[in-house]
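In: Kindly generate the corresponding structure for this input.
(one chain, ligands or ions: 1)
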Amino acid sequence: MSMHAKRSSRVDLSLWSEASRRSMLAAFPPKYYTDIHYVCYHCGGQSVFLGADQKITFEVKRQYVWQRRVLCERCKLESERLKAELRSIRKVRKERGAFAHHDRAQSERMLTLLQLLPKYALRKDTAAIRMLEKELGDVV
Ligand SMILES: [Zn+2]
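Out: I've put the predicted structure just below:
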């Protein structure tokens, strides 16, 4: 490791979030963040969580240190796009209230999004999926 890489990925515990500082990792902290190689959960592609990125993630963005990357950059962006689309559909449906189910195309799109998200390692919203399937009459 070069001197520059060492400096740029040195662990500074004092910058971790409170939750991170209470974690098991804080008891035996590494001296440096080292590159973590992983396989993307969605596309199966090889990806790397660089030591320098970890420093930014845990010390600047102050995310929890046990957090592990599961998606490559491209799939992460795609999952964020899908989540944003789902949020905007939910907002519209909330505004329409009882009339939400009148827009069948939108209900179908919402169901598709809910079924897609678990493929990006996101929580499966089973209750919402069942509700939409019932609404769309796919459940007998
Ligand atoms: Zn991927």
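
In: Could you tell me how far the helix or strand harbouring residue 129 lies from the centre of the chain?
Out: Using DSSP states H and E, residue 129 sits within helix 126-136. Here helix 126-136 shows a centroid-to-chain-centroid distance of 23 Å under the convention CA atoms, centre = their mean, to the nearest Å.

In: What residues sit buried inside that helix?
Out: Buried residues in helix 126-136, counted by 16 or more other CB atoms under 10 Å: 131, 132, 135. All C-beta spots, glycine's among them, are computed from the backbone N, C-alpha and C.

In: any residues touching it, and which ones?
Out: With CB atoms under 8 Å, 6 or more residues apart in numbering as the test, helix 126-136 has contacts from 101, 104, 107, 108, 110, 111, 114, 115, 139.

In: what's the neighbour count on the residue lying closest to the fifth one once chain neighbours are set aside?
Out: When you say that, I think you mean residue 110. The shortest distance from residue 110 to any non-neighbouring residue, by CB to CB, 6 or more residues apart in numbering, is to residue 89 (4.9 Å). Residue 89: 18 surrounding residues under other CB atoms under 10 Å.

In: and what of residue 22?
Out: Neighbour count of residue 22, defined by other CB under 10 Å: 12.

In: begin at 595 from here
Out: Sure, I'll start numbering at 595, so the last one becomes residue 616.

In: Of the buried residues of helix 720-730, which is the nearest to residue 651?
Out: Nearest to residue 651 among those, counting by CB to CB, is residue 726 at 34.3 Å.

In: Quick check: buried residues in the helix or strand residue 684 falls within?
Out: Residue 684 is part of helix 667-690 when elements are defined by DSSP H and E. Residues of helix 667-690 classed as buried by neighbour count (16+ other CB under 10 Å): 669, 670, 672, 673, 676, 680, 683, 687.

In: That one vs helix 720-730, what angle?
Out: Between the axis of helix 667-690 and that of helix 720-730 there is an angle of 60 degrees, by axes from the mean of the first three to the mean of the last three CA atoms, to 10 degrees.

In: which residues are contacting helix 667-690?
Out: By CB under 8 Å, 6+ apart, helix 667-690 touches 634-637, 639, 641, 665, 694, 696-697, 700, 703-704, 707-708, 710-711, 714, 716.
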